[in-house]
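Visitor: The following block contains a protein sequence and its predicted model.
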Amino acid sequence: MSSPEAFDLLVIGSGPAGEKGAAQAAYFGKRVAIVEKEPWLGGAGVNTGTVPSKTLRETALYFSGLKQRGLYGVDYSIKQDITVPDFMFRKEEVVRNLWAMIAANVDRHKIEIHRGRASFEDEHTLRIVGFDGSQKLIRGDVILIATGSYPNWPDDTPKDPRRLYDSDTILYMNRIPKSLAVVGAGVIGCEYATMFRAMGIQVSLVSGQDRLLPFLDHEIGDRLKMQVELLGLRVLTSDSVSEVVLDDERYVGVQLESGERLDVECVLFATGRMGATQGLGVERIGLTPGRRGHLTVNEHYQTQVPHVYAAGDVIGFPALASTSMEQARVAMCHAFDLKYKERVSAILPIAVYTIPEIAAVGETEQSCREQKIPCCVGRAYYQGNSRGQIIGDFSGLIKLVFRADDKRLLGVHILGEMASELVHVGQGCLHFAGTIDYFIQSVFNYPTLGEAYKYAAYDGLGNLARGEVLT
C-alpha cells in the first residue's frame, strides 16, 4: 500500500456537522477530505431524518387537506387510493435537490470526497475500505468525527421489514397502513404520529413518560396533547411495550405493560438514537464511547486526543442539525486558530414539527421556578389574531415568560402554524437581553401572526399589574 495522502483536515461523515466543518476549514485555505460510507452525501439530516420527515409533514398536510377543512366551507377528506409513491414523491425531489446543493458546496470549496468506511489506523491516519473492498490510507493533521447516529431498537424486539420500522426505514415502507403504533413519544415519535394521523391512519402513541415532550413548557405540552387527541390520535402515557408478537400475517400484536394489547398493521419504533461510533476503531487512539455510543468533548469539541474533534449527533444532546453545524464550525475555528467563531450561542431555539407545530427558546415557567426567578407570563392566541383567523388556526398560542422585576424576556413558547419561524423574533430579543417593551414599541405588519407578540406582551403587562407573579 502506498504512503498515505496528507491533508490538513479529515472529516468522517458528510452530514450537517461534517459538511459545514469541512467547508469552514476549506474556506480558510485548508486542504480537506471527507470520508463518506453511504452512496450519497448529507447524512441522516438530508437522507433519513430532518429534511425527509419535515417534507413528509407538508405532504401529509397537503393530501389530508387538514389546513383547509372547514376553512372554505368544503369538507376535505383523504384520498382513498393514495400510494407510497404519492406520499414520497415530494420528499424524493427535495432530497435530490439538496444532494446537488451539498455537492456544489463541496466542489466550490475544493473538498475531496473519499467513498468508503473509515477507521482509525493511528491518531492521524484513517484506513478507508471502499465499496469494492479496496483499501487505502489517508493522513490528517486534524480529524473531525461527524458520523451522526442511528436508530436504537429495544432489546429482544423481533425484526420484520414489512411491518416493523424505525425512523430510518419508515421512509421505505412498501404501503400506507390503516393502523400504526408508534413506540416512543420523543420528538421523532410525536412528529411521525401526528403526520400519519393527519393522513387518516389510526395511530396509537405509546409513551413511557407521564406527559408528552416534558422538556417543553408544560402548558405547551398539555395543549399539544389536547390538540393531537382532537386530531384523533390516541395517546397512551405512562405505559411501555412488554412484547411484540408477530403471530398473525396481517396484524402485529403490541402487548403493553398496562395489560392492553394493540393489534395494528405496522409499528414504528422511535426509541432514541445511538452515536455512530461502531467500527471506527476509536479505541485504538484511546477514546471510549459512552453507553449509547457518544463521544465526550470539551467546550471546543475536542476529544481526549487534542487534534481529534467530534460534533453533531455523535456527541449526543441536543442532536439538532442547527447546533451540529455550529459545533463543527466552532471546532474547526479552534483547531486551526481562525479567530472567527469561538463558541456556539447559548441561546438555542428548538422546533418540533408535530401537527400543530411547536417552537421554543429560553426559560420555561418550570425552569424559572426551579431557579427561583420571580416571573410573569403573557399569552396571545391565534384565535384573536387577524392572520390566525385568515388561515383558520384557532388553537395557536404565543407565550412569553419574563422577569417580574424588570420585564426582561426569559423565554418564548409557541404552538401553532409557523411556530418554527416565529420563534426567531423572540430569540433576537433574548440575545440582546431585551424586555417585553420591545414588542410593545415595535410595529408589526398587519395582518401577521408576528403581531401576536405585541398582544402577548400587553397581556403580560396586565398580569404583572395584577400581581400575578410566579415564584
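Guide: The structure has been received and is ready for your questions. These numbers come from a predicted model, not from an experiment.

Visitor: Count residues in the vicinity of Val35, would you?
Guide: 24 (other Cβ atoms under 10 Å). (C-beta placed from N, C-alpha, C; glycine too.)

Visitor: For it, give me its contacts.
Guide: 10-13, 114-116, 118, 126, 128, 138 (Cβ atoms under 8 Å, 6 or more residues apart in numbering).

Visitor: which residues does Ser179 form a beta bridge with?
Guide: Per DSSP bridges, the residues bridged to Ser179 are Gln202.

Visitor: Buried residues in stretch 410-428, which are they?
Guide: 410-420, 422-423, 425-427 (16 or more other Cβ atoms under 10 Å).

Visitor: before we move on, back to that, out of the contacts of Val35, which end up buried?
Guide: 10-13, 114, 116, 118, 126, 128, 138.

Visitor: Just the buried residues of stretch 410-428: which are in strands?
Guide: The strands, defined by DSSP state E, take in 410-415 from those.

Visitor: Now for the buried ones among the contacts of Val35: which two are most distant?
Guide: Spatially, the most separated pair among these is Gly13 and Ile138, at 14.6 Å (Cβ to Cβ).

Visitor: and Arg175, how many residues sit next to it?
Guide: Residues near Arg175, counting by other Cβ under 10 Å, number 10.

Visitor: Gly272 now?
Guide: Using other Cβ under 10 Å, Gly272 has 17 other residues around it.

Visitor: need the longest strand for the protein.
Guide: Assigned via DSSP E, the chain shows its longest strand as strand 135-145.

Visitor: now that strand, how far from the centre of its chain.
Guide: Centroid separation for strand 135-145 versus its chain: 29 Å, with Cα atoms, centre = their mean, to the nearest Å.

Visitor: and the gap between the most centrally placed residue in the chain and Asp313?
Guide: Residue closest to the average C-alpha location in the chain (Cα atoms, centre = their mean): Leu320, at 5.0 Å. For Leu320, the distance to Asp313 equals 9 Å [Cβ to Cβ, to the nearest Å].

Visitor: Ala456 now?
Guide: Distance, Ala456 to Asp313, using Cβ to Cβ: 34 Å.

Visitor: Which one of those two is surrounded by more residues?
Guide: The residue with more neighbours, out of Ala456 and Asp313, is Asp313; 31 against 25, by other Cβ under 10 Å.

Visitor: Correct me if wrong: the more buried one contacts Ser149.
Guide: Yes. Counting by Cβ atoms under 8 Å, Asp313 touches Ser149, with 3.8 Å between them.

Visitor: Now do the shared contacts for the two.
Guide: Taking Cβ under 8 Å, 6+ apart as the contact rule, Asp313 and Ser149 both touch 44, 273, 275-276, 319.

Visitor: and of the residues you listed, the nearest to Asp393?
Guide: Looking across those and measuring by Cβ to Cβ, the closest to Asp393 is Ala319, at 29.0 Å.

Visitor: Apart from its chain neighbours, what residue comes closest to that closest one?
Guide: Excluding its sequence neighbours, the residue lying closest to Ala319 (Cβ to Cβ, 6 or more residues apart in numbering) is Asp313, at 4.5 Å.

Visitor: for Tyr453, same thing?
Guide: In space, Tyr453 is closest to Phe439, 4.4 Å off (Cβ to Cβ, 6+ apart).

Visitor: looking at it, the one you found is touching Ala452, isn't it?
Guide: No. Judged on Cβ under 8 Å, Phe439 makes no contact with Ala452 at a distance of 9.4 Å.

Visitor: Next secondary structure element downstream of the longest strand of the chain?
Guide: As assigned by DSSP states H and E, the chain's next helix or strand after strand 135-145 is strand 149-151.
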